[in-house]
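Asker: Provide a 3D model corresponding to the input given below.
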Amino acid sequence: MSSIYDALKRTQANRPIPPLSDGPQPHGGARMVRVVAAAILVSSALTLALVYGVSLVGDRQKTAPAENRAADQERVADLMNKADRLRLKDDPDGAIEAYREVIAISPTHIEGRMRLGELYYGVQRFDEALAVLEEARKMKPDEPRILNNMGSVLLAKGDPAQALTYFVQARKNSAEYVEPLYNMACAYARLNKKGAALSSLSQAAAMQPEVRLWASRDPDLASLRDDREFKAIMRPAE
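Answerer: Numbering: from 1, shown residues only. Predicted coordinates for the structure are as follows:
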């Protein structure tokens with residue numbers, strides 16, 4: 001499945017950064033949303049404040065003096081930068097604490113909630129991941145990344161049927177987003193719906209050729225590997 005950690009590897013492969021660890025892998029693969037490299041590696045707190053400031057308008061910020069709001073924005077920017085770097089340095093506990101502090105300062109910070117959910121998922125704290133992602137979904141119910149991540153957690157918890165409903169909704173909300181489509185194939189395969197799994201996988205591979213690499217080592221697709229159609233999908237287009 002496509003994950004926060006697998007996606008991070010893909011991002012790292014396309015840009016020069018220091019050689020840092022990706023973080024732990026949950027059992028059975030992982031399938032979180034793609035990480036945007038610029039959001040992780042921006043080193044300037046002022047630039048980060050511009051990136052994240054849009055989500056810093058919680059009740060406390062609305063009523064606080066302007067100078068306090070500016071201080072909160074700068075603090076949140078610093079914490080996001082710190083958490084992102086801790087995650088890259090394979091310190092999920094430290095990153096979790098930093099993201100939790102972001103949310104304490106700015107309860108409406110969607111990106112902070114999403115990244116906290118991704119980390120909880122990565123260390124297999126699935127119930128906590130669902131809880132924090134559900135709060136994010138209440139604030140932004142149609143965000144495909146949140147929906148995909150919730151499906152990822154449910155699939156890891158062994159509920160492919162419920163996970164599928166989130167993947168399908170994420171796919172409807174973003175036709176260009178390949179992760180939910182690929183994850184649909186994984187959920188269908190877990191539900192022994194081979195035809196639907198192969199159809200979703202074929203569409204995902206057409207959208208992004210790298211899907212073939214994900215599928216070649218994904219245990220959720222093991223039941224398909226001897227199928228003639230699966231082998232055809234796995235052959236690169238000529």
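Asker: Please report how far residue 119 lies from residue 177.
Answerer: Per CB to CB, to the nearest Å, residue 119 is found 21 Å from residue 177. (Each C-beta comes from the backbone N, C-alpha and C, glycine too.)
Asker: which one of the two has more residues nearby?
Answerer: residue 119 (27 against 18; other CB atoms under 10 Å).
Asker: which SSE is the more buried one in?
Answerer: Using DSSP states H and E, residue 119 falls within helix 110-122.
Asker: for the record, mean pLDDT for that helix?
Answerer: Per-residue pLDDT over helix 110-122 has a mean of 96.
Asker: what does stretch 148-162 give?
Answerer: The pLDDT scores in stretch 148-162 average 97.
Asker: ends of that stretch, how far apart?
Answerer: 12 Å (CA to CA, to the nearest Å).
Asker: Might one say that residue 191 is in contact with residue 159?
Answerer: No - applying CB atoms under 8 Å, one finds residue 191 not in contact with residue 159, separated by 10.5 Å.
Asker: picking up where we left off before, helices or strands up against the helix holding residue 119?
Answerer: Here helix 110-122 touches helix 4-13, helix 66-88, helix 92-105, helix 126-139, helix 144-156, going by 3 or more CB pairs under 8 Å, 6 or more residues apart in numbering; DSSP states H and E.
Asker: Go again with 10 Å.
Answerer: With contacts taken as 3 or more CB pairs under 10 Å, 6 or more residues apart in numbering; DSSP states H and E, helix 110-122 sits against helix 4-13, helix 37-41, helix 45-52, helix 66-88, helix 92-105, helix 126-139, helix 144-156.
Asker: Around residue 192, how many other residues sit close by?
Answerer: With other CB under 10 Å as criterion, residue 192 counts 10.
Asker: sec struct for it, please.
Answerer: Using DSSP: H, G, I helix; E, B strand; the rest coil as the criterion, the local structure at residue 192 reads coil.
Asker: how much space between it and residue 164?
Answerer: On the measure of CB to CB, residue 192 and residue 164 end up 13 Å apart.
Asker: One more: residue 72?
Answerer: For residue 72, the distance to residue 164 (CB to CB) stands at 39 Å.
Asker: shouldn't residue 112 be in contact with residue 81?
Answerer: No - with contact defined as CB atoms under 10 Å, residue 112 and residue 81 do not form a contacting pair (11.9 Å).
Asker: Neighbour count for the two, which is higher?
Answerer: residue 112 (28 against 23).
Asker: which ones are touching that one?
Answerer: By CB atoms under 10 Å, 6 or more residues apart in numbering, the contact list for residue 112 reads 52, 55-56, 76, 79-80, 83, 98-106, 132, 136.
Asker: Excluding covalently adjacent residues, which one is nearest to it?
Answerer: Once flanking residues are discounted, residue 112 sits nearest to residue 102: 3.9 Å by CB to CB, 6 or more residues apart in numbering.
Asker: With residue 160 instead?
Answerer: Residue 160 sits nearest to residue 190 (CB to CB, 6+ apart), 3.9 Å away.
Asker: Am I right that that neighbour is in contact with residue 196?
Answerer: No - between residue 190 and residue 196 there is no contact under CB under 10 Å: 11.3 Å.
Asker: any common contacting residues for these two?
Answerer: Shared contacts of residue 190 and residue 196 (CB under 10 Å, 6+ apart): residue 164.
Asker: more crowded one of these two?
Answerer: With neighbours defined as other CB under 10 Å, residue 190 and residue 196 compare such that residue 190 has more, 21 against 16.
Asker: contacting residues for the more buried one?
Answerer: 28, 155, 158-161, 163-164, 197, 219-221, 223.
Asker: Check what pLDDT residue 15 gets.
Answerer: 30.
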